[in-house]
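# predicted model follows, preceded by the sequence.
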Amino acid sequence: GAVVSQHPSRVICKSGTSVKIECRSLDFQATTMFWYRQFPKQSLMLMATSNEGSKATYEQGVEKDKFLINHASLTLSTLTVTSAHPEDSSFYICSARMREDMNTEAFFGQGTRLTVV
Amino acid sequence: GNSVTQMEGPVTLSEEAFLTINCTYTATGYPSLFWYVQYPGEGLQLLLKATKADDKGSNKGFEATYRKETTSFHLEKGSVQVSDSAVYFCALRGAQKLVFGQGTRLTINP
């Protein structure tokens, strides 16, 4: 299947700083990318959906000014956690889909574990 | 709204044992159902899927049948291997997006 690469896999940052997570589709063009968050022993929760060249659509309860998503090209989306706090510590996973047809399979990155100290 | 409940882990089995991981769902309409697997250090991979009632998805010896009457999509494998150790996620897709269960960590001992 297609490969989605997420970087970094782990990051530790100080409270108040910003952290950027990259999600790249390596061998296909991703018109749509998704960002999820997973708390320990809980489900993956969809944070936002981004389409290349347009603003991301955020799920209810997700602060768009805190979690900045940029999908500037067909192979790269970034999630920036701004002014991070310990409660932002979590596992973040991206996925990418080739076409806007939602019946197309989405491929997942390996995830990024963020720890804010 | 749509939701997925799956068997809490961790689950630990011996090699060649029979595996069942339970998954039930709540959804409006007729969702598609999925099992994803996440091996250590890797992303989620689609393991199998079923798009309508009574469909059976299968892959790598794993099977799951879409049971509308019991709103279930239990994952089964007749004889597990050490290499099956991973986290397994049940998910459904309704009109818009994927909704995941909380994941079940499976460890297979030799």
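Arrived safely, thanks for sending.

# buried ones in the lowest-mean-pLDDT helix or strand in chain A?
In chain A, no helix or strand scores lower on mean pLDDT, DSSP states H and E than strand A:106-108, which sits at a mean of 88. For strand A:106-108, a neighbour-count test (16 or more other Cβ atoms under 10 Å in any protein chain shown) marks A:106, A:107, A:108 as buried. Every residue, glycine included, has its C-beta placed from N, CA and C.

# packing partners of it?
If you count contacts as 3 or more Cβ pairs under 8 Å, 6 or more residues apart in numbering or on different chains; DSSP states H and E, strand A:106-108 packs onto strand A:90-97.

# neighbouring strands - and their directions - for the strand it packs on?
Looking at strand A:90-97 with DSSP bridges, its partner strands are strand A:32-38 (antiparallel), strand A:106-108 (antiparallel), strand A:112-116 (antiparallel).

# gap between the two ends of stretch B:2-12?
29 Å (Cα to Cα, to the nearest Å).

# next one: that stretch to chain centre, how far?
9 Å (Cα atoms, centre = their mean, to the nearest Å).

# how about the residues of chain B near chain A?
Residues of chain B lying near chain A by Cβ under 8 Å from any Cβ of the partner chain: B:4, B:8, B:36, B:41-46, B:89, B:93, B:96-103.

# coming back round to it: show residues contacting the least confident helix or strand of chain A.
Residues from elsewhere that reach strand A:106-108 (Cβ atoms under 8 Å, 6 or more residues apart in numbering or on different chains): A:1-4, A:25, A:32, A:34, A:93-97, B:36, B:43-45, B:98.

# and those residues, which are buried?
Buried members of the contacts of strand A:106-108, counted by 16+ other Cβ under 10 Å: A:4, A:25, A:32, A:34, A:93-97, B:36, B:43-44, B:98.

# format these as JSON lines; extra columns: pLDDT and distance to residue A:49.
Shown next, in JSON lines, are the buried ones among the contacts of strand A:106-108 (pLDDT from 0 to 100; distance: Cβ to Cβ, whole Å):
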{"residue": "A:4", "pLDDT": "92", "distance to residue A:49": "15"}
{"residue": "A:25", "pLDDT": "92", "distance to residue A:49": "15"}
{"residue": "A:32", "pLDDT": "89", "distance to residue A:49": "6"}
{"residue": "A:34", "pLDDT": "93", "distance to residue A:49": "5"}
{"residue": "A:93", "pLDDT": "94", "distance to residue A:49": "14"}
{"residue": "A:94", "pLDDT": "95", "distance to residue A:49": "11"}
{"residue": "A:95", "pLDDT": "93", "distance to residue A:49": "10"}
{"residue": "A:96", "pLDDT": "92", "distance to residue A:49": "11"}
{"residue": "A:97", "pLDDT": "86", "distance to residue A:49": "10"}
{"residue": "B:36", "pLDDT": "95", "distance to residue A:49": "18"}
{"residue": "B:43", "pLDDT": "78", "distance to residue A:49": "18"}
{"residue": "B:44", "pLDDT": "87", "distance to residue A:49": "17"}
{"residue": "B:98", "pLDDT": "88", "distance to residue A:49": "11"}
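
# closest to residue A:59 out of the residues you listed?
Closest approach to residue A:59 among the buried ones among the contacts of strand A:106-108 (Cβ to Cβ): residue A:34, at 10.1 Å.

# list the contacts of that closest one.
Counting by Cβ under 8 Å, 6+ apart, residue A:34 makes contact with A:46, A:48, A:49, A:50, A:94, A:95, A:96, A:97, A:106, B:97, B:98.
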